[in-house]
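> need a structure here:
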Amino acid sequence: MLRAFIIVLLSLPFLMDSAMAEGVISGRAIVVDGDTLEIAGERIRLSGIDAPELDQTCADRDARAVPCGRIARDRLRDKIGDAALRCEIEGRDRYKRILARCRLGTLDLQSWLVREGLAVSFVRYSRDYDADEAAARGAGAGMWAGRFMMPWDWRRGS
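Below is the predicted model of the structure:
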């Protein structure tokens, strides 16, 4: 029994590498922030979108400060719950995180985040979520209900 356990334990890195070689990583996720997950010890950056940083604030429709970065993280955490995700790997970013498109069942998580106004289309790298952003802006969803700084500008301190 112990021998079988050790064999399985030693095989895990190989199994993980083969899953990543196939371009897919799946499992239960830990939500790090509004656009970053961790699955099986791997950091995954949701490609094509940018969510506010955890300590970023935005203004709601009444000009009150709201913790939009924490709101994005918490809403994503609530949406995923204990369900397993399937992420299609697109590469790695400069921080060595996996870049991936992730699904909760048939739901494209990036599309959901952007349509809810919890993230924006990361136009520097992709235009795939522009229509979702336009829909969120038109509906005044999430951050679009008030005022906010684009996450990439906020990180630069602009």
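
> what does the model give the spatially closest residue to residue 108 that is not a sequence neighbour for pLDDT?
Closest residue to residue 108 apart from its sequence neighbours, by C-beta to C-beta, 6 or more residues apart in numbering: residue 101 at 6.9 Å. Placement of C-beta: from N, CA and C, glycine included. As predicted, residue 101 sits at a pLDDT of 97.

> I figured residue 101 hits residue 87, correct?
Yes: at 6.7 Å, residue 101 counts as touching residue 87 under the criterion of C-beta atoms under 8 Å.

> the more surrounded of these two?
Just comparing residue 101 and residue 87: by other C-beta atoms under 10 Å the higher neighbour count belongs to residue 87, 25 against 20.

> So that one sits against residue 102, correct?
Yes: here residue 87 reaches residue 102: they are 4.1 Å apart, a contact under C-beta under 8 Å.

> quick one: common contacting residues for the two?
Residues touching both residue 87 and residue 102 (C-beta atoms under 8 Å, 6 or more residues apart in numbering): 37, 44.

> And for residue 42, the neighbour number?
Per other C-beta under 10 Å, the neighbour tally for residue 42 reads 17.

> Wait, it touches residue 98, no?
Yes: applying C-beta under 8 Å, one finds residue 42 in contact with residue 98, separated by 5.6 Å.

> For this protein, which segments are assigned as strands?
Assigned strands in the chain, in chain order: 24-33, 36-39, 42-46, 49-50, 58-59, 65-66, 84-92, 98-104, 107-108, 120-121 (criterion: DSSP state E).

> Alright, that wraps it up for me.
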